[in-house]
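Undergrad: Quick one, what's the 3D model for this:
(2 chains)
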2 protein chains.
Amino acid sequence: MTLSASPSITAAILAIGDELLSGRTKDKNIGHLADLLTLSGIDLREVRIVADEEEAIVEAVNALRGRYTYVFTSGGIGPTHDDITADSIAKAFGLPCIHDPEAMTLLAEMYRRRDMEFTEARQRMARMPQGARHIANPVSTAPGFIVENVYVMAGVPQVFQAMVDAVLPQLQTGAKMLSRAIPCPYGEGDIGTALAAIQKAHPHTSIGSYPKYDGQRFSTELIVRAREMDTLDAAAQAVEAMIAQLAMAKTVPNPSPDA
Amino acid sequence: MTLSASPSITAAILAIGDELLSGRTKDKNIGHLADLLTLSGIDLREVRIVADEEEAIVEAVNALRGRYTYVFTSGGIGPTHDDITADSIAKAFGLPCIHDPEAMTLLAEMYRRRDMEFTEARQRMARMPQGARHIANPVSTAPGFIVENVYVMAGVPQVFQAMVDAVLPQLQTGAKMLSRAIPCPYGEGDIGTALAAIQKAHPHTSIGSYPKYDGQRFSTELIVRAREMDTLDAAAQAVEAMIAQLAMAKTVPNPSPDA
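TA: Now for the predicted structure:
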């Protein structure tokens, strides 16, 4: 599907943490950032979740940063021994990982204000690749950082979200994707053939079909996406006409077992 | 960290679907399967989410299936034009994608019982790589399938979960990982140095530290994991002793701002 002639702004998310893979923590950051990227006209193309392991992080960062406009990471920038994201990002870029002087000052001042010791562990939170730019952390001071097109942020959702809020206004955004949701009381098997024909007739749209199951029968949510309102309208009208035609053909929707 | 001398059973999850990347659908399958794999002693090592695009699916499947014992996919096996997982998996394995005769029979019978037309779109749900084995679908009949070590399942959570239940008993499982959660009222900055020393002294365990933030201060959940109970006990006792020592040093936990 060709949605736009202009080159799109793309992104990947890399969530880092053993706790996400063990199931102990259910990720909240991916869905949050996915929503905001879509609103900004940035196409999220891929997500990966890897363990707190240097080799896995380095490989994923290097695969993703060459392929997409932006890479956003979450997790592994705290003060404990299993927080190895800063060192791994430095390794991915072939940069030394240092105690960033500006971050050391920020943290030292914050701990002094709170009359708390600036321990060796806490100093780990100032580590980042040499020359990285900071991402402000209004929640708990320790900054995230940016190297080229890679944005390294915390895993704790409140901190991650605050960092995302700081970062989004700096990003190059794409043409916003327009979309319209059309609820459909029929299962995908009832509409699949007609929907494929509509997609073919409206090549500058992307029509997604998302089955829902309420425990008894399937219905469908249809999402029409386009970058131009006229294009969107035309495809959406075709979808609505198809549903109306089906409704005339069936007085009552069948209990549809289509997955 | 060396957790076991025996080779571990590993897995990856590949969730497929534009709706996951746009944020419209918040994935529920990854966390569900992550929990069950952990309980089965299977190490989930990596998760990827990709769009409904053949090239992206083929590349991810081929990267993951060579690296892990098992690959589990979700999504894209329904009857509409954007359901291209079966064709993409076939392409990844260099196999023809066919209307599987047994699946055609199952589906034709089900639609006949329900007095519904077995449309061309519905027949798409019988597509799978030649020679694939079925994964039963007690919810809506259309089967998932298995090619070598790749398990292809539906995206609708109720169907995905039923397919996972059908598949799990067939898998080779690993030595179950034992774990103990130890709540810690202090932030990571308070415990980081001591915790790193405990990890070093207990190399056959994996000690994870997960910061929590309640809007005012950070606390930590510490998870000690090991394959042997003795090993687990020794490390957990060391962690508990560290927390007790900190509690003696501070009468009241500091409001800790450690991310």
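Undergrad: Now the residue positioned nearest the centre of chain A: closest residue in space that isn't a chain neighbour?
TA: When CA atoms, centre = their mean is applied to chain A, the residue found nearest the centroid is residue A:34 (3.4 Å). Among residues not flanking residue A:34 along the chain, residue B:23 sits closest, at 3.4 Å (CB to CB, 6 or more residues apart in numbering or on different chains). Every C-beta, even on glycine, is put in place using the N, C-alpha and C of the backbone.
Undergrad: Next up, the contacts around the one you found.
TA: Listed by CB atoms under 8 Å, 6 or more residues apart in numbering or on different chains, the contact set of residue B:23 reads A:31, A:32, A:33, A:34, A:35, A:36, A:37, A:38, A:44.
Undergrad: thinking again about what came up before, over to the residue nearest to the centre of chain A. Which of the three states is it?
TA: What DSSP: H, G, I helix; E, B strand; the rest coil gives for residue A:34 is helix.
Undergrad: Does chain B have contacts with stretch A:76-84?
TA: Yes: residues of stretch A:76-84 contacting chain B under CB under 8 Å from any CB of the partner chain: A:77, A:78, A:79, A:80, A:81, A:82, A:83.
Undergrad: hey, C-alpha coordinates of that stretch in PDB?
TA: C-alpha atoms of stretch A:76-84 as PDB (Å, rounded to 0.1, in the frame of the first residue of the first chain):
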ATOM      1  CA  GLY A  76      18.400  -0.600  32.400                       C
ATOM      2  CA  ILE A  77      19.700   2.900  33.300                       C
ATOM      3  CA  GLY A  78      19.400   2.700  37.100                       C
ATOM      4  CA  PRO A  79      22.100   2.300  39.700                       C
ATOM      5  CA  THR A  80      22.300  -1.500  40.200                       C
ATOM      6  CA  HIS A  81      24.600  -4.100  38.700                       C
ATOM      7  CA  ASP A  82      21.900  -5.300  36.200                       C
ATOM      8  CA  ASP A  83      21.600  -1.800  34.700                       C
ATOM      9  CA  ILE A  84      23.900  -2.200  31.800                       C
END
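Undergrad: Find the closest residue to chain B in the stretch 1-150 of chain A.
TA: Here the residue of the stretch 1-150 of chain A nearest chain B is residue A:121; by CB to the nearest CB that distance is 2.4 Å.
Undergrad: List the buried residues of stretch A:202-219.
TA: Buried residues in stretch A:202-219, defined by neighbour count with 16 or more other CB atoms under 10 Å in any protein chain shown: A:202, A:204-211, A:213, A:217-219.
Undergrad: Does that stretch reach chain B?
TA: Yes: against chain B, stretch A:202-219 shows contacts by CB under 8 Å from any CB at A:206, A:207, A:208, A:209, A:210, A:211, A:212, A:213, A:215, A:218.
Undergrad: from these, which ones fall inside strands?
TA: The strands, defined by DSSP state E, take in A:206, A:207, A:208, A:209, A:210, A:211, A:212, A:213, A:218 from those.
Undergrad: Surely residue A:157 is in contact with residue A:32?
TA: Yes: using CB atoms under 8 Å, residue A:157 is in contact with residue A:32, at 7.3 Å.
Undergrad: Residue A:173 is in contact with residue A:69, correct?
TA: No: look at residue A:69 against residue A:173 with CB under 8 Å: they stay out of range, at 10.1 Å.
Undergrad: sorry, back to before: using ChimeraX, make a named selection holding only the buried ones among the contacts of residue B:23.
TA: Applied in ChimeraX, the following selects the buried portion of these according to 16+ other CB under 10 Å:
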select /A:31,32,33,34,36,37,38,44
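Undergrad: a markdown table please, covering the contacts of residue B:23 and showing pLDDT and distance to residue B:148.
TA: Below are the contacts of residue B:23 laid out as a markdown table (pLDDT from 0 to 100; distance: CB to CB, whole Å):
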| residue | pLDDT | distance to residue B:148 |
| --- | --- | --- |
| A:31 | 95 | 32 |
| A:32 | 95 | 36 |
| A:33 | 97 | 34 |
| A:34 | 95 | 31 |
| A:35 | 92 | 36 |
| A:36 | 93 | 38 |
| A:37 | 95 | 35 |
| A:38 | 90 | 35 |
| A:44 | 97 | 30 |
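Undergrad: if we can go back for a sec, identify, from the buried residues of stretch A:202-219, the entry nearest to chain B.
TA: Nearest to chain B among the buried residues of stretch A:202-219, with distances taken as CB to the nearest CB, is residue A:209, at 4.1 Å.
Undergrad: ok, now which ones touch the closest one?
TA: Applying CB under 8 Å, 6+ apart, we find residue A:209 in contact with A:188, A:191-192, A:195, A:220-223, B:78, B:80-83.
Undergrad: which strand residues sit across from it in the sheet?
TA: For residue A:209, the beta-bridge partners are residue A:222 (DSSP bridges).
Undergrad: mind checking pLDDT for it?
TA: At residue A:209, the pLDDT value in this model is 89.
Undergrad: what's the distance between it and residue A:203?
TA: According to CB to CB, to the nearest Å, residue A:209 and residue A:203 sit 17 Å apart.
Undergrad: before we move on, what about residue A:100?
TA: To residue A:203, residue A:100 is 49 Å away according to CB to CB.
Undergrad: next one: residue A:42
TA: According to CB to CB, residue A:42 and residue A:203 sit 23 Å apart.
Undergrad: in stretch A:146-163, what's buried?
TA: Neighbour-count burial for stretch A:146-163 [16+ other CB under 10 Å]: A:146-147, A:150-156, A:158-163.
Undergrad: Now, the residues you listed that are in helices?
TA: Among the buried residues of stretch A:146-163, DSSP state H puts A:158, A:159, A:160, A:161, A:162, A:163 in helices.
Undergrad: ok so, going back, shared neighbours of residue A:69 and residue A:173, anything?
TA: A:9, A:42.
Undergrad: higher neighbour count, the two?
TA: Between residue A:69 and residue A:173, residue A:69 has the larger neighbour count (other CB atoms under 10 Å in any protein chain shown), namely 18 against 13.
Undergrad: Which residue is it, in the stretch 151-259 of chain A, that comes closest to chain B?
TA: Distances between the stretch 151-259 of chain A and chain B by CB to the nearest CB are smallest at residue A:192, namely 2.4 Å.
Undergrad: circling back to that earlier point, among the buried residues of stretch A:202-219, which two are most distant?
TA: Using CB to CB, the pair of the buried residues of stretch A:202-219 lying farthest apart is A:204 and A:217, separated by 33.0 Å.
Undergrad: For residue A:42, see how far away the nearest residue to residue A:39 once chain neighbours are set aside is.
TA: Sequence neighbours aside, residue A:176 is the residue nearest to residue A:39 in space, at 7.5 Å (criterion: CB to CB, 6+ apart). Distance of residue A:176 to residue A:42, computed by CB to CB: 10 Å.
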